[in-house]
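In: Provide a 3D model corresponding to the input given below.
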Amino acid sequence: MGVDEGRENHRPAAVATHIFTYGTLKTGFSNHGLIQDLMRSGDVAFRCNCRTVEPHPLVCGPYRVPFLLNLPGAAGADRVSGELYAVSARGLARLDELEGTERGHYERLPIKVEPTAEDGGGEEIIACGGGVEAYFAEKSYAIEMWERCGKRGYWVYGEKEARGYVKRKDRPQDLSFLEQIEQFVSSSSSSDDDEF
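Out: Next up is the predicted model:
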């Protein structure tokens, strides 16, 4: 089974929104299995490769978990590359659960994106105001996360940026994710954050 198998599927029965994925939900990363499951059930369909219209900080937090920060235009930020998916209401509920929107981990907010040069197929979706949203770091810790990361972001969460990523099941279970974030932002920055 290829990494991109199922990407060219048809539209979910009832599209609730379009989700811009920039981290572990992308093809080839640890949480993409959920996207594949939702594709098989008809609740998600790949639309195009795209990037943010405005620069947004994309950083790695504790355990190399990626966070998109809702600080558009921040100095040190780049236009972020990712994948766009059409998602049904049922699929959205599963993504919200993974992203911890009810637990204060991430918040789903509107974002402006455009297809990458090699993938203009999504222009009609984006141009018609396809309701594009992304999972941003919760605002309660976003600025601290940006400062902790030296106000330097990535343009893509790729293999290099993901090196050292620790899956949820392999992280310390005695701390909540918010406690792990709190420890991360209160620790001093180092040149190699892979060890956190």
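In: what about stretch 51-65, how long is it end to end?
Out: For stretch 51-65, the first-to-last residue distance is 19 Å (Cα to Cα, to the nearest Å).
In: before we move on, what about stretch 170-179?
Out: 16 Å.
In: quick one: contacts for F29?
Out: Counting by Cβ atoms under 8 Å, 6 or more residues apart in numbering, F29 makes contact with G23, Y157, A162. Heads up, the C-betas are built off the backbone N, CA and C, glycines and all.
In: contacting residues for the first one?
Out: So the one you mean is G23. Shown in contact with G23 (Cβ under 8 Å, 6+ apart): F29, N31, L58, V65, P66, F67, L68, G82, Y157.
In: swap in the last one?
Out: Neighbouring residues of A162 by Cβ under 8 Å, 6+ apart: T24, F29, R64, P66.
In: Show the subsequent helix or strand relative to the lowest-mean-pLDDT helix or strand in the chain.
Out: None of the helices or strands of the chain scores lower by mean pLDDT, DSSP states H and E than helix 123-127, at a mean of 52. Remark: after helix 123-127, the chain's next helix or strand is strand 132-137, criterion DSSP states H and E.
In: Residues touching that next one, excluding its own?
Out: 17-22, 61, 67-70, 82, 84, 95, 99, 101, 106-113, 126, 142, 145.
In: How far away from the center of its chain is it?
Out: Strand 132-137 sits 7 Å away from the centroid of its parent chain (Cα atoms, centre = their mean, to the nearest Å).
In: model confidence over that strand, on average?
Out: Strand 132-137 shows a mean pLDDT of 97.
In: What of stretch 91-99?
Out: For stretch 91-99, the mean pLDDT works out to 97.
In: Extract the C-alpha trace of it and format it as CSV.
Out: Below are the C-alpha coordinates for stretch 91-99, written out as CSV (Å, rounded to 0.1, in the frame of the first residue of the first chain):
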residue,chain,number,x,y,z
GLY,A,91,-14.7,13.3,10.3
LEU,A,92,-14.4,16.7,12.0
ALA,A,93,-15.5,15.3,15.3
ARG,A,94,-12.8,12.7,15.1
LEU,A,95,-10.1,15.3,14.2
ASP,A,96,-11.3,17.6,17.0
GLU,A,97,-10.9,14.7,19.4
LEU,A,98,-7.4,13.9,18.2
GLU,A,99,-6.4,17.6,18.4
